[in-house]
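Visitor: Have a look; sequence and predicted model below, questions after that.
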Amino acid sequence: MHHAARSIGARGNDVAVGDMIFYSLLAVMHAPSFISSLGVDNDDFAAVPVPGVLGQLRASEKLGRNIAELLNPFSAVEKVTTGTIARNVADIGVADNSHDRVVTAGGKTHGGKWTEEDCGTIFWDDSHGWRNVPKEIWEYSIGGFQVLSKWLGYRHERAGYAALTDDDVETVTISAVGLLRLSNCNRTVRTRMQRQSSSH
């Protein structure tokens, strides 16, 4: 694959070219159109299409690096966990001011409850939660599990968790912003893949 990348103009040592390929693959593997094309019973590694034009390969690499950053819980992400939060996401996942933080909505396997109230609300109990959380964030799945629902399930009272801490509440807010950015990245990859396929 290094040879194929170099044949379209990729430059640098083997590590640099390998990184370009790796992050491009990561981007494509998070594209909704690619995920939906995989068979449910597929028991082998699926072939992952890689852009055959250098400019597209570089663009995919950049997106892949963004995705990797957002997926890493220990990575500081500009405008998500550090710096000034971008204006268009500053009001995403704003938590209610409440000292009653026992997670009672949902259960151990699917914690929390999402409703359309206040542009989308994830409730941790009957009346308190995080506001302005679009449905696409609540339904965002990795490895077949809804990220936020799974996380809240581990912190449900039925799982023996006492109550959400300040850090827990902030984690959901930060995660909601990160998942929105991930969703946007995925849409960008899908659009570029569609353009690439239509050009052939």
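Guide: Structure's in. What do you need?
Visitor: just checking, residue 82 touches residue 174?
Guide: No - between residue 82 and residue 174 there is no contact under CB atoms under 8 Å: 10.4 Å. For the C-beta atoms, the positions are set from N, CA and C on the backbone; glycine is no exception.
Visitor: Comparing those two, which shows the higher neighbour count?
Guide: The neighbour count for residue 82 versus residue 174, taken as other CB atoms under 10 Å, is higher for residue 174 (17 against 10).
Visitor: Can you classify the more buried one by secondary structure?
Guide: Of the three states, residue 174 takes helix according to DSSP: H, G, I helix; E, B strand; the rest coil.
Visitor: show me the contacts for it.
Guide: Contacts of residue 174 were listed using CB atoms under 8 Å, 6 or more residues apart in numbering, and they are 80, 81, 93.
Visitor: how close does it get to residue 188?
Guide: Applying CB to CB, to the nearest Å, the value for residue 174 to residue 188 is 21 Å.
Visitor: So in the chain, where's the weakest helix or strand by average pLDDT?
Guide: Across the helices and strands of the chain, mean confidence by mean pLDDT, DSSP states H and E is lowest for helix 32-36: a mean of 70.
Visitor: Which other helices and strands does whatever helix or strand comes next after that one contact?
Guide: Next in sequence after helix 32-36, counting helices and strands by DSSP states H and E, comes helix 54-71. Under the contact definition 3 or more CB pairs under 8 Å, 6 or more residues apart in numbering; DSSP states H and E, helix 54-71 sits against helix 14-29, helix 166-198.
Visitor: Compare those helices and say which comes out lowest on pLDDT.
Guide: Ranked by mean pLDDT, those bottom out at helix 166-198, with a mean of 82.
Visitor: That one relative to helix 14-29, how many degrees between them?
Guide: 90 degrees (axes from the mean of the first three to the mean of the last three CA atoms, to 10 degrees).
Visitor: for helix 166-198, which positions count as buried?
Guide: 168-169, 171-183, 185-186, 188-190, 192-193 (16 or more other CB atoms under 10 Å).
Visitor: Next: stretch 91-105.
Guide: 92, 93, 94, 95, 96, 101, 103, 104, 105.
Visitor: hang on, the earlier thing: nearest to residue 52, of the helices and strands packed on helix 54-71?
Guide: Closest approach to residue 52 among the helices and strands packed on helix 54-71 is made by helix 166-198 (7.9 Å; CB to CB).
Visitor: ok, now how distant is residue 166 from residue 105?
Guide: To residue 105, residue 166 is 19 Å away according to CB to CB.
Visitor: Ok, residue 35 next?
Guide: For residue 35, the distance to residue 105 equals 28 Å [CB to CB].
Visitor: Poorly predicted segments of this protein, please.
Guide: 32-33, 39-45, 73, 193-194, 196-200 (pLDDT under 70).
Visitor: Now do the domain split for it, please.
Guide: 2-75, 87-183 (automatic domain parsing).
Visitor: What is the burial count for the closest residue to residue 186 other than its chain neighbours?
Guide: Closest residue in space to residue 186, ignoring its immediate chain neighbours: residue 30 at 5.2 Å, by CB to CB, 6 or more residues apart in numbering. By other CB under 10 Å, 22 other residues sit near residue 30.
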